[in-house]
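[1] sequence and predicted structure, then a few things I'm wondering about:
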Amino acid sequence: MILPPFKPPKYEELRSWWLRYESDDVRRLILEVQAQRYALPEIRTLVEQCRIAAENKQPLDQRVKQINKLLREIDAQIHRADKIYRPTPTPHPNAPRSRA
């Protein structure tokens, strides 16, 4: 599914929808939007920590720990979301072809 351009709802809109609609499905979608909005700053912080560790030339094992922590958080968010539609990758025209 390719998303069309759209204006994301602001926090106040989500709050008003929460109060207006009592459907469990609508409320679950609102909670999911908020959960992702909470997760993004956490992921941003982990990315920044990885960048700082690389710039400060921290020992490799410390940098690997930071990157693994970031990857675990990304994996956790992907797992929460279940299936994420991805179009079938299109091979580059100059890529070597595998022989079966």
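    Nice, thanks for sending it over.

[2] can you pull the buried residues of whatever helix or strand His79 lives in?
    Taking DSSP states H and E as the criterion, His79 maps to helix 60-81. Across helix 60-81, burial judged by 16 or more other CB atoms under 10 Å covers Arg63, Gln66, Ile67, Leu70, Glu73. Any C-beta I mention is one placed from the backbone N, CA and C, and that applies to glycine too.

[3] which one of those is nearest Glu12?
    Nearest to Glu12 among the buried residues of helix 60-81: Glu73, at 27.8 Å, using CB to CB.

[4] elements contacting the helix ranked longest in the chain?
    Counting by DSSP state H, the longest helix found in the chain is helix 24-55. Judged by 3 or more CB pairs under 8 Å, 6 or more residues apart in numbering; DSSP states H and E, helix 24-55 is in contact with helix 11-20, helix 60-81.

[5] can you lay out those helices as CSV showing distance to Glu32 and mean pLDDT?
    Putting those into CSV (distance: least, CB to CB, whole Å; pLDDT from 0 to 100) gives the following:
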stretch, distance to Glu32, mean pLDDT
helix 11-20, 11, 96
helix 60-81, 8, 89
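
[6] the ones you listed into CSV, with extra columns for distance to Glu48?
    Listed next are these as CSV, based on distance: least, CB to CB, whole Å:
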stretch, distance to Glu48
helix 11-20, 23
helix 60-81, 10
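
[7] returning to what we had before: between the buried residues of helix 60-81, which is nearest Leu19?
    The closest of the buried residues of helix 60-81, once distances to Leu19 are taken by CB to CB, is Glu73, at 31.3 Å.

[8] list the contacts for the closest one?
    Ala39, Glu42, Ile43, Leu46 (CB atoms under 8 Å, 6 or more residues apart in numbering).

[9] which one is Ala47 nearest to, not counting chain neighbours?
    To be clear, residue 47 is Val; Ala isn't right here. By the measure of CB to CB, 6 or more residues apart in numbering, the closest residue to Val47 outside its immediate chain neighbours is Leu70, 6.3 Å from it.

[10] ok, the one you found to His79 distance?
    15 Å (CB to CB, to the nearest Å).

[11] how close does Lys83 sit to Val33?
    Taken as CB to CB, the span from Lys83 to Val33 is 18 Å.
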